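Enquirer: A structural model of the following input is requested.
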Amino acid sequence: MAGKILIVDDDLDGLKLVGLMLQGRGYQIVAAQNGLQALARAASESPDLIILDVMMPRLNGFDVLRRLESDPATAGAPVIMLSVRASEADVMHGLEQGALEYIAKPFDPWVVSAKVHLLLEELDSRGRQAYRQQLIECRRRNMQSLSRFFGAP
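Expert: Numbers count the residues shown, from 1 in each chain. The predicted model follows:
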C-alpha cells in the first residue's frame, strides 16, 4: 500500500479529480469537505499526507493547519496546501504555518500526483518527522531572510 491521503476541499470536482489520480497510484483516499470534517478525519484516520484547500466553509485551511499543528495527535502530519489563494503572502503564510508545499489552483492533476508521490518517498527515506522538521526550519529561515530583505516587520 502506498499510503493514506486525506484530501480536504469543498469543491467536489477537484476533490474527485485529485482522488482518482492518487488512487491510480495506489493511495487510499479519505475525503473531507470542510475544515471541521478535516480535523475529525485527520484524528481518526492518521493519514500519511493531507492535501488541504484554503477557502472552505466552517473553518479555513490556514486555521485547520494551525489546529493540526497544535494537537499532539495530528502534529507533524505532512500537509500540501492547494488553493486559488496564491498570492505571495498566502503561500508564505501556508509555508510558515507548516505546509510542506503550496500548489495554486488551477492545477495539473499529474503534477499534484507527482509531488505527492515524491514528497512521501522523500519523507519515508529520511524519516518523516526529522525530514519534515528540517524542511520547516529551512523555510522559516528563508522567510525571515526575505522579510528582512524586503523590510517587513
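
Enquirer: the helices in this structure, which residues?
Expert: Ranges of helices in the chain, per DSSP state H, are 12-24, 35-45, 61-70, 88-97, 109-126, 128-150.

Enquirer: Mean pLDDT added to those, as TSV?
Expert: TSV is the format used below for the helices of the chain (pLDDT from 0 to 100):
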stretch	mean pLDDT
helix 12-24	89
helix 35-45	95
helix 61-70	92
helix 88-97	86
helix 109-126	84
helix 128-150	68
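
Enquirer: In TSV, list these along with mean neighbour count and distance to Ala77.
Expert: Any C-beta I mention is one placed from the backbone N, CA and C, and that applies to glycine too. Formatted as TSV, those follow (neighbours: other CB atoms under 10 Å; distance: least, CB to CB, whole Å):
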stretch	mean neighbour count	distance to Ala77
helix 12-24	16	16
helix 35-45	18	6
helix 61-70	19	6
helix 88-97	17	13
helix 109-126	15	11
helix 128-150	13	9
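
Enquirer: Including distance to Met81, could those go into TSV?
Expert: Formatted as TSV, the helices of the chain follow (distance: least, CB to CB, whole Å):
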stretch	distance to Met81
helix 12-24	13
helix 35-45	12
helix 61-70	6
helix 88-97	4
helix 109-126	11
helix 128-150	13
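
Enquirer: how about the ones you listed, which one is nearest Leu52?
Expert: helix 61-70 (4.7 Å; CB to CB).

Enquirer: Who are the packing partners of that closest one?
Expert: Applying 3 or more CB pairs under 8 Å, 6 or more residues apart in numbering; DSSP states H and E, one finds that helix 61-70 contacts helix 35-45, strand 49-52, strand 79-83, helix 88-97.

Enquirer: Which among those is found nearest to Glu122?
Expert: So among the helices and strands packed on helix 61-70, strand 49-52 is nearest, using CB to CB, at 11.4 Å.

Enquirer: who does the closest one pair up with?
Expert: strand 4-8 (parallel), strand 79-83 (parallel) (DSSP bridges).

Enquirer: Just the residues contacting stretch 4-22, thanks.
Expert: If you take CB atoms under 8 Å, 6 or more residues apart in numbering as the criterion, stretch 4-22 is touched by 27-35, 37-38, 41-42, 45-53, 55-57, 61, 64, 82, 105, 109-110, 112-113, 116.

Enquirer: 7 Å - rerun?
Expert: The contact list for stretch 4-22 (CB atoms under 7 Å, 6 or more residues apart in numbering) reads 27-34, 38, 41-42, 45, 47-53, 56-57, 109, 112-113, 116.
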